[in-house]
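Q: Here's a sequence, model it:
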Amino acid sequence: MKYFLILFLFISCDSKKEPLPNITQGEMFSMATKADPNMKIVIGTMQKAAVTCSDYKIACKTGYLVRIKNMEIKVLYYLNQDKALESAKRLRAYVSKNWVFDDVRGEPILERLVVKYMDAKPAF
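A: Coordinates of the predicted model:
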């Protein structure tokens, strides 16, 4: 009986972490407008998108070029948090759950902004 109890405790203590829920597009843009109410999303033309997901080694679902604090950030939306983290590591970018912030590294204002308002972490 004692061994059964120990075995039960061992099996029930699974080391897998439950993934955190993804951030929706609406939630992310709400967070961005708190950082800068004058934030703008740059939209490309029919011939050339502002951000093309297929240009990335790990293709995103949707890419946005966001002008915030008069600077531009490429914001990549992924359906899967693991893919987002993998992409952020390759790009040496910042990641927040299923979002990647490219072209932020080396820009102190943008680095502070994505860490403070988007809850992003460096993936490098």
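
Q: Where in the chain is the helix or strand with the lowest mean pLDDT?
A: helix 2-12 (a mean of 51; mean pLDDT, DSSP states H and E).

Q: Could you list the low-pLDDT ranges of this protein?
A: 1-18 (pLDDT under 70).

Q: From the centroid of it, which residue is nearest?
A: Taking Cα atoms, centre = their mean, the centroid of the chain lies closest to residue 99, which sits 1.9 Å from it.

Q: give me phi/psi at it?
A: Dihedral pair for residue 99: phi -120, psi 140, per degrees, to the nearest 10.

Q: and it, what is it in contact with?
A: 23, 28, 75-78, 84, 118, 120 (Cβ atoms under 8 Å, 6 or more residues apart in numbering). For the C-beta atoms, the positions are set from N, CA and C on the backbone; glycine is no exception.

Q: how about 7 Å then?
A: 23, 28, 75-77, 84 (Cβ atoms under 7 Å, 6 or more residues apart in numbering).

Q: Columns neighbour count on top of those, output as CSV?
A: CSV is the format used below for the contacts of residue 99 (neighbours: other Cβ atoms under 10 Å):
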residue, neighbour count
23, 18
28, 20
75, 27
76, 27
77, 20
84, 25
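
Q: Closest one of the residues you listed to residue 59?
A: Distance to residue 59, by Cβ to Cβ, is smallest for residue 76 among these, at 9.2 Å.

Q: Check the gap between residue 73 and residue 46 for me.
A: Computed as Cβ to Cβ, to the nearest Å, the residue 73 to residue 46 distance reads 23 Å.

Q: As a check, name the ranges of all strands in the chain.
A: Ranges of strands in the chain, per DSSP state E, are 40-42, 62-68, 71-77, 94-96, 99-102, 121-122.

Q: Distance of the closest residue to residue 32 other than its chain neighbours relative to residue 28?
A: Among residues not flanking residue 32 along the chain, residue 39 sits closest, at 5.1 Å (Cβ to Cβ, 6 or more residues apart in numbering). Distance of residue 39 to residue 28, given as Cβ to Cβ: 11 Å.

Q: Report how many residues lie close to residue 105.
A: 15 (other Cβ atoms under 10 Å).
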